[in-house]
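**Student:** Below: sequence and its predicted model.
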Amino acid sequence: MRELTPLCWQLLLLSTLVYCSLGQGGASLSVSPDRSQFFKYESVSLSCEVQGNSAGWRVVRNTPRGILSECHTDWGKQQGSTCIMPLIPLDSGLYWCESGSGEHSNAVNITVPDGAVILESPALPVTEGDSVTLRCRYQGTPSDLTAVFYKDGSLIRAETTGEMTIPAVSKSDEGLYKCASLKGESPESWITVTAVPVSMSLSRLLCCLLVGSPYLLVTIILLVKYCRSRAQGETRVPRKTHQDQLGDHVEEE
């Protein structure tokens, strides 16, 4: 039994390391430039970022008219897992990545207003502590105007530069933002604030402990049974005593 114990622990450790090295799959939609509002005829690039093979992933959208379609049908140009498209107001809607098996990524709302004023704000979630700048832009000259910024319908402040910076965002900064100037008012855009992510090593450890617990439990049970059966097999093998060995030696002579 003492000779088999190290082997059992080595097998258990190996199975744990193999499982934890697999990591987690998934996909995310990235937007370039990273903002949720665009002027008419501006271009946007939507990419499916996949851990592993990105083949089979495509950009899909759902417009306010309730039309669900994928890139390169009647809109956009597909290049691998990236969709590039010039925008018009009819392109406003919800966009995400989807695989052939039905898996999907995060969704991003894109707005293309008929008006000449937009709010430049991040389309993707921002992390607590990050610096975020909001810009009120006019589709004309000058593009930067004195603007008033609102959050959830309440006035925040006015800025002569047309920009408002939040030095370190927190969860309380999450909400609907818009801006207004003498040239018009922008649509509202939602800004999402997420908590600071845990380190990769801690995340992987939690994954192993939570997701891999049933797997490891079954592995432990099987290894224990294996070790016990081997040990019982050894105890059933008759061993010669010192006297028997001496007798064998005499017979040989």
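**Tutor:** Structure received.
**Student:** Mind jotting down where the helices sit in the stretch 151-253 of the chain?
**Tutor:** Assigned by DSSP state H, counting those that start in this stretch, the stretch 151-253 of the chain shows helices spanning 200-210, 213-236, 242-252.
**Student:** beta partners of the closest residue in space to residue 63 that isn't next to it in sequence?
**Tutor:** Leaving aside its sequence neighbours, residue 63 sits nearest to residue 93 (Cβ to Cβ, 6 or more residues apart in numbering; 3.8 Å). In this view, the C-beta of every residue, glycine as well, is placed from N, C-alpha and C. Note on residue 93: beta-bridge partners residue 110, judged by DSSP bridges.
**Student:** hang on, isn't residue 93 packed against residue 61?
**Tutor:** Yes. Assessed by Cβ atoms under 8 Å, residue 93 is found in contact with residue 61 at 5.0 Å.
**Student:** Between those two, tell me which one has more neighbours.
**Tutor:** residue 61 (24 against 21; other Cβ atoms under 10 Å).
**Student:** just checking, next helix/strand downstream of whatever helix or strand the more buried one lives in?
**Tutor:** Assigned by DSSP states H and E, residue 61 belongs to strand 58-62. Next helix or strand after strand 58-62 toward the C-terminus (DSSP H and E): strand 68-70.
**Student:** so how far is residue 49 from residue 128?
**Tutor:** 22 Å (Cβ to Cβ, to the nearest Å).
**Student:** Please read the previous query as pertaining to residue 109.
**Tutor:** Distance from residue 109 to residue 49, counting by Cβ to Cβ: 18 Å.
**Student:** just the CA coordinates of the strand holding residue 61, formatted as PDB?
**Tutor:** The C-alpha coordinates for strand 58-62 follow below in PDB (Å, rounded to 0.1, in the frame of the first residue of the first chain):
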ATOM      1  CA  ARG A  58     -21.100  35.500 -37.100                       C
ATOM      2  CA  VAL A  59     -22.400  38.900 -36.200                       C
ATOM      3  CA  VAL A  60     -26.200  39.000 -35.700                       C
ATOM      4  CA  ARG A  61     -28.600  41.900 -35.100                       C
ATOM      5  CA  ASN A  62     -32.200  42.700 -34.100                       C
END
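**Student:** from here on, count from 50
**Tutor:** Got it, the first residue is 50 from now on, which makes the last one we talked about strand 107-111.
**Student:** Mind listing what's buried along that strand?
**Tutor:** Residues of strand 107-111 classed as buried under the neighbour-count rule (16 or more other Cβ atoms under 10 Å) are 107-110.
**Student:** Quick check, residue 91 in contact with residue 135.
**Tutor:** Yes. Using Cβ under 8 Å, residue 91 is in contact with residue 135, at 7.3 Å.
**Student:** follow-up on the earlier one: so which two of the buried residues of strand 107-111 are the farthest from each other?
**Tutor:** 107 and 110 (10.5 Å; Cβ to Cβ).
**Student:** what is in contact with the two at once?
**Tutor:** Common contact partners of residue 107 and residue 110 (Cβ atoms under 8 Å, 6 or more residues apart in numbering): 119-120.
**Student:** Look at the closest residue in space to residue 242 that isn't next to it in sequence and report its pLDDT.
**Tutor:** Closest residue to residue 242 apart from its sequence neighbours, by Cβ to Cβ, 6+ apart: residue 223 at 4.4 Å. pLDDT recorded at residue 223 is 97.
**Student:** The one 10 residues further on too?
**Tutor:** According to the model's per-residue confidence, residue 233 sits at a pLDDT of 95.
**Student:** In space, what's closest to it - neighbours in sequence excluded?
**Tutor:** Nearest to residue 233 is residue 166, by Cβ to Cβ, 6+ apart, at 4.1 Å.
**Student:** residues contacting the one you found?
**Tutor:** Counting by Cβ under 8 Å, 6+ apart, residue 166 has contacts 185-188, 228-230, 232-235.
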